[in-house]
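1. got a predicted structure plus its sequence, pasted below:
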Amino acid sequence: MKTTQPSDKTVHKQEPGPYKVLHDFLERYEARECHAELWRLLTAALSSDDADSWDRLDRGNVVFFCKNIDDLLKALFELREDIKKNANLP
């Protein structure tokens, strides 16, 4: 079997910048949808068999983390226009 060696001319795919990533996320999802999905995932996690082994501190930490992610998403949606400008998009 003949194998191919990568050449020096291999084109590396350029990763999108952080503003582009944020912009694309904001284009795909609505704030209400993100909020509902986050809490749906939290509910599923807390009611799973795996969660039975969590103590009060673990459960509290998961809820606290999800609340912070929800706050982060709200802030992200508030910055939508600034993100679009910084992503250098029309």
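-> Good, I have the coordinates.
2. use CA for all of it now, contacts and neighbours both
-> Will do.
3. read off the pLDDT value for the residue nearest the centre of the chain.
-> Centroid-nearest residue in the chain: Phe25, 7.9 Å away (criterion: CA atoms, centre = their mean). In the predicted model, Phe25 carries a pLDDT score of 95.
4. cool, and the one 10 residues further on?
-> Reading off the confidence values, His35 has pLDDT 96.
5. so it sits against Asp71, correct?
-> No. Between His35 and Asp71 there is no contact under CA atoms under 8 Å: 9.4 Å.
6. and these two? which has more neighbours close in?
-> His35 (17 against 12; other CA atoms under 10 Å).
7. could you measure from that one over to Glu27?
-> Here His35 is placed at a distance of 15 Å from Glu27 (CA to CA, to the nearest Å).
8. same deal with Leu73?
-> 13 Å.
9. now for Ala51: which residues touch it?
-> When contacts are counted by CA atoms under 8 Å, 6 or more residues apart in numbering, Ala51 touches 45, 59.
10. ok, which stretches of the protein are helices?
-> 18-28, 31-46, 56-78, 80-86 (DSSP state H).
11. chain center to stretch 71-79, what's the gap?
-> Computed by CA atoms, centre = their mean, to the nearest Å, the chain-centroid distance of stretch 71-79 equals 12 Å.
12. give me the mean pLDDT for that stretch.
-> Here the average pLDDT along stretch 71-79 is 96.
13. okay, buried residues for it please.
-> By 16 or more other CA atoms under 10 Å, the buried positions in stretch 71-79 come out as 73, 76-77.
14. how about the CA coordinates for it, as CSV?
-> Presented in CSV, the C-alpha positions along stretch 71-79 are these (Å, rounded to 0.1, in the frame of the first residue of the first chain):
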residue,chain,number,x,y,z
ASP,A,71,-26.0,35.2,32.6
LEU,A,72,-23.2,34.9,30.1
LEU,A,73,-25.6,34.1,27.3
LYS,A,74,-27.8,37.1,28.2
ALA,A,75,-24.7,39.4,28.1
LEU,A,76,-23.7,37.8,24.8
PHE,A,77,-27.0,38.6,23.2
GLU,A,78,-26.9,42.1,24.5
LEU,A,79,-23.5,42.6,22.8
